[in-house]
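> need a 3D model of the sequence below.
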Amino acid sequence: MTPVELSRTVLHAVRRAVDAGELAVAVPSRAVVAPPGPGGCGDYATNIALQLARPAGQPPLRVAEVLRPYLAGAVGVTGVEITGPGFLNISLDHAATSAALVRRILREGLRYGHGTTLAGQVFELRVPYDVRAEVLADALARIVGTQGGRVEVDHREPVNLRPVPAPEDPAPLGLDAARWALLHPAPHDRPRITADHLIQREGNPLFRVRYAHARTRAISRNAADLGFTAEPGDPLGDHCRIAGTCHHGDVAGTGDPGNTADPFGDCGHSADPVGSPGDAADPRGHSHTSGTADRLTTAATPSSTASTAATASSPTTPSTTAATPIGTAATTITTLLADHPRILTTVAALPHPDGIAAPSRLTRHLVALADATLVLLPAVLPRGEEKPSAAHRARLALAEAAGTVLAGGLTLLGIDAPDHL
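Residues are numbered from 1 along each chain as shown. Model prediction:
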């Protein structure tokens, strides 16, 4: 269940309470759900009871008590607790919600997160003749397009999109690295135009994102060689929920990292490797040397196989049932995948700074997703004489969903997402 879907669930609970005569209020158009704050619990919290208290003529705690059973009975919700002045803290069925989310992503492919929030809206961006402003406007146009809107870019005064300019021409970095260098920092921060963006090491965020994507594709090929395919489900498996018995993470109390060794190392299987981070191949995949802005705003096309698959905000604290590193990674990935549509809709704030920052926010979201995915990947394939289990198939599906979102996010930034790196 994504935050958007949970918001609809909260509004449906309000509607049912109103229809039952327990609340006399107009059902609001939206309900805010977010990770719980200090003193909260569960996966998400909402202040809908505080929002409705005054129009309902009742204390917030009473409104929360009325809404609680309606929320607790919703599909995918395992518990609802009331904290503070009336916050409703919602716990979700992670196995069920994760499986449904993964199925949706694999079904929608690169279009996951697209919607009609901005349908019919046209945003005018007036930019100076500056390469970073041009690239930022291009990325914003791509993201606005995912929500059904359209961007018109011109160079008239007064300018309403003026990021801090790059200190030098980024074109020598190549198309992909140059766009990342310009988009990753917040618009009010000065970008670094250095060769660090070309280094194939884990210290390079762009490399981590592209490498994680390529690894997910390689894992899928490896799984096919081993004769099993992805099937959304519980990525932990019952044996991984028992402290001290998980073979894919730190065995409780022993300090043994198990299969969570360096995620940038070999995946442990020789079939169709994606290469070592130390390979000398050009990470850019392009040989562009032009310094003109239009070369950097050329549309990037994802690889043919990636196109058939397809924080920003901090992830919520993992559940205690996911106490292993792999469980934590799986929970974090699910949270980030669910948050992806919200990240894209933040562009609706254009031309205000929060909307202008959408591409930078998307890059940070992709980095967080890539880092969690690289922790999960070593546990996707069975090891030694181990047979593929339902948990392996679920992890493979989760990895493929993560790879899909990574590819889709890079494409929106105008950056290539190669299957081999």
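> please enumerate the strands of this structure.
Here the chain has its strands, by DSSP state E, at 33-34, 44-46, 77-83, 87-92, 122-126, 150-154.
> among those, which is nearest Ala394?
strand 87-92 (16.5 Å; C-beta to C-beta). From N, CA and C alone the C-beta is placed, and that goes for glycine too.
> which elements pack onto the closest one?
Secondary-structure packing of strand 87-92 (3 or more C-beta pairs under 8 Å, 6 or more residues apart in numbering; DSSP states H and E): helix 3-19, strand 44-46, helix 48-56, helix 60-72, strand 77-83.
> what's the closest of these to Ile105?
Nearest of the helices and strands packed on strand 87-92 to Ile105, taken as C-beta to C-beta: helix 3-19 at 13.2 Å.
> what angle sits between that closest one and strand 77-83?
70 degrees (axes from the mean of the first three to the mean of the last three C-alpha atoms, to 10 degrees).
> give me the residues contacting helix 3-19.
With contacts defined as C-beta atoms under 8 Å, 6 or more residues apart in numbering, helix 3-19 is touched by 1, 23-25, 27-28, 30-34, 44, 46, 48, 52, 66-67, 70-71, 74, 76-77, 88, 90, 92, 338-339, 341-342.
> if we go to 6 Å?
23, 27, 31, 33, 44, 46, 48, 66-67, 70-71, 74, 341-342 (C-beta atoms under 6 Å, 6 or more residues apart in numbering).
> just the buried members of those?
Listed as buried from the contacts of helix 3-19 are 23, 27, 31, 33, 44, 46, 48, 66-67, 70-71, 74, 341-342; burial here means 16 or more other C-beta atoms under 10 Å.
> if we can go back for a sec, quick one: which of the contacts of helix 3-19 is nearest to Gly84?
Using C-beta to C-beta, the contacts of helix 3-19 come closest to Gly84 at Thr46, 12.0 Å.
> surely the closest one meets Val33?
Yes: using C-beta atoms under 6 Å, Thr46 makes contact with Val33 at a distance of 4.8 Å.
> common neighbours of those two, please.
Common neighbours of Thr46 and Val33, using C-beta under 6 Å, 6+ apart, do not exist here.
> and for the residue lying closest to Ala399 once chain neighbours are set aside, the neighbour number?
Among residues not flanking Ala399 along the chain, Thr216 sits closest, at 4.8 Å (C-beta to C-beta, 6 or more residues apart in numbering). Using other C-beta atoms under 10 Å, Thr216 has 30 other residues around it.
> tell me the spacing between Thr216 and Thr328.
18 Å (C-beta to C-beta, to the nearest Å).
> one more: Leu92?
Distance, Leu92 to Thr328, by C-beta to C-beta: 16 Å.
> then Leu161?
Leu161 is 39 Å from Thr328, by C-beta to C-beta.
> who has more neighbours out of those two?
In terms of neighbours (other C-beta under 10 Å), Leu161 is the more surrounded of Leu161 and Thr328; the figures are 22 against 19.
> the more buried one contacts Pro128, doesn't it?
No: contact criterion C-beta under 6 Å: Leu161 and Pro128 do not qualify, at 8.3 Å.
> got a pLDDT number for Ala95?
As predicted, Ala95 sits at a pLDDT of 74.
> give me the number of residues near the nearest residue to it once chain neighbours are set aside?
Closest residue to Ala95 apart from its sequence neighbours, by C-beta to C-beta, 6+ apart: Asp234 at 4.0 Å. Number of residues near Asp234 (other C-beta under 10 Å) recorded here: 19.
> next: Glu386.
10.
> and Ala96, how far is that from Ala394?
From Ala96 over to Ala394 the distance is 12 Å, taken as C-beta to C-beta.
> more neighbours: these two, which one.
Each of Ala96 and Ala394 has its neighbours counted (other C-beta under 10 Å); Ala394 has more, 24 against 16.
> what about the residue nearest to Pro359 when sequence neighbours are not counted, neighbour count?
Distances taken as C-beta to C-beta, 6+ apart place Ala139 nearest to Pro359, at 4.1 Å, with adjacent residues excluded. For Ala139, the neighbour count with other C-beta under 10 Å is 25.
> quick one, grab the pLDDT at Ala139.
Reported pLDDT at Ala139 in the predicted model: 97.
> contact partners for it?
Residues in contact with Ala139 (C-beta under 6 Å, 6+ apart) are Leu183, Pro359, Leu413.
> how about those residues in a markdown table, adding neighbour count, pLDDT and distance to Ile333?
Output for the contacts of Ala139, formatted as a markdown table (neighbours: other C-beta atoms under 10 Å; pLDDT from 0 to 100; distance: C-beta to C-beta, whole Å):
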| residue | neighbour count | pLDDT | distance to Ile333 |
| --- | --- | --- | --- |
| Leu183 | 25 | 97 | 23 |
| Pro359 | 26 | 97 | 22 |
| Leu413 | 27 | 98 | 20 |
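> and these as TSV, adding distance to Thr373?
Formatted as TSV, the contacts of Ala139 follow (distance: C-beta to C-beta, whole Å):
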residue	distance to Thr373
Leu183	21
Pro359	21
Leu413	17
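> return the closest of those with respect to Gly115.
Pro359 (17.8 Å).
> the closest one contacts Leu183, correct?
Yes: using C-beta under 6 Å, Pro359 is in contact with Leu183, at 4.6 Å.
> any idea how far Gln168 lies from Arg132?
No, residue 168 isn't Gln; it's Glu. 11 Å.
> same thing with Asp196?
Counting by C-beta to C-beta, the gap from Asp196 to Arg132 is 18 Å.
> neighbour count for the two, which is higher?
Ranked by neighbour count (other C-beta under 10 Å), Asp196 and Arg132 place Arg132 first, with 26 against 16.
> OK, contacts around that one?
Pro163, Pro165, Ala166, Leu182.
> can you show me the helices along the stretch 151-300 of the chain?
Using DSSP state H, counting those that start in this stretch, the helices of the stretch 151-300 of the chain run over 175-183, 205-226, 293-296.
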